[in-house]
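**Q** how would this look folded up:
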Amino acid sequence: MRGIILNFRLSNHNKNWNQVIVKVEGIENKKEASKLIGKKVTLKVGNKVKIGKIIRPFGNKGKLLVRFRSGLNGEALLKEVEIS
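**A** Below you'll find the predicted structure:
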């Protein structure tokens with residue numbers, strides 16, 4: 001499955017650079033998104049591969065919250081990720 005990184009997880013005071021919001025193709029609601037919890041997400045940045053994990057749904061329209069092992073930079077926004 002493929003997805004797109006939409007944004008980092010933000011709040012009024014904190015920015016979590018290792019947590020991102022991902023929209024997956026074909027997932028339209030929270031119930032479908034809940035089935036993907038625990039799956040691995042891979043992001044290819046140049047020669048490096050960043051690995052993350054889906055931790056929970058985000059909102060009611062099928063978006064997912066993904067936690068990566070290390071922080072990402074701003075170039076990761078709108079990049080494609082692979083979910084396995």
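**Q** For the rest of this, base every contact and every neighbour count on C-alpha atoms.
**A** Fine.
**Q** Please, where are all the helices along this protein?
**A** For the chain, the helices defined by DSSP state H occupy 30-34.
**Q** Quick check on the residue lying farthest from the centre of it: phi, psi?
**A** Seen from the C-alpha centroid of the chain, the residue lying at the greatest distance (CA atoms, centre = their mean) is His13, 20.9 Å away. When read as degrees, to the nearest 10, the backbone of His13 gives phi -120, psi -20.
**Q** Could you pull up the residues touching the residue lying closest to Lys23 once chain neighbours are set aside?
**A** Once flanking residues are discounted, Lys23 sits nearest to Lys63: 4.8 Å by CA to CA, 6 or more residues apart in numbering. Contact partners of Lys63, counting by CA atoms under 8 Å, 6 or more residues apart in numbering, are 21-24, 27, 29-30, 33, 57.
**Q** want to try CSV for those, with distance to Lys44, neighbour count and pLDDT as columns?
**A** Output for the contacts of Lys63, formatted as CSV (distance: CA to CA, whole Å; neighbours: other CA atoms under 10 Å; pLDDT from 0 to 100):
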residue, distance to Lys44, neighbour count, pLDDT
Ile21, 16, 22, 97
Val22, 15, 27, 97
Lys23, 17, 23, 97
Val24, 17, 20, 96
Ile27, 22, 17, 95
Asn29, 27, 15, 95
Lys30, 27, 17, 96
Ala33, 23, 23, 96
Pro57, 23, 23, 97
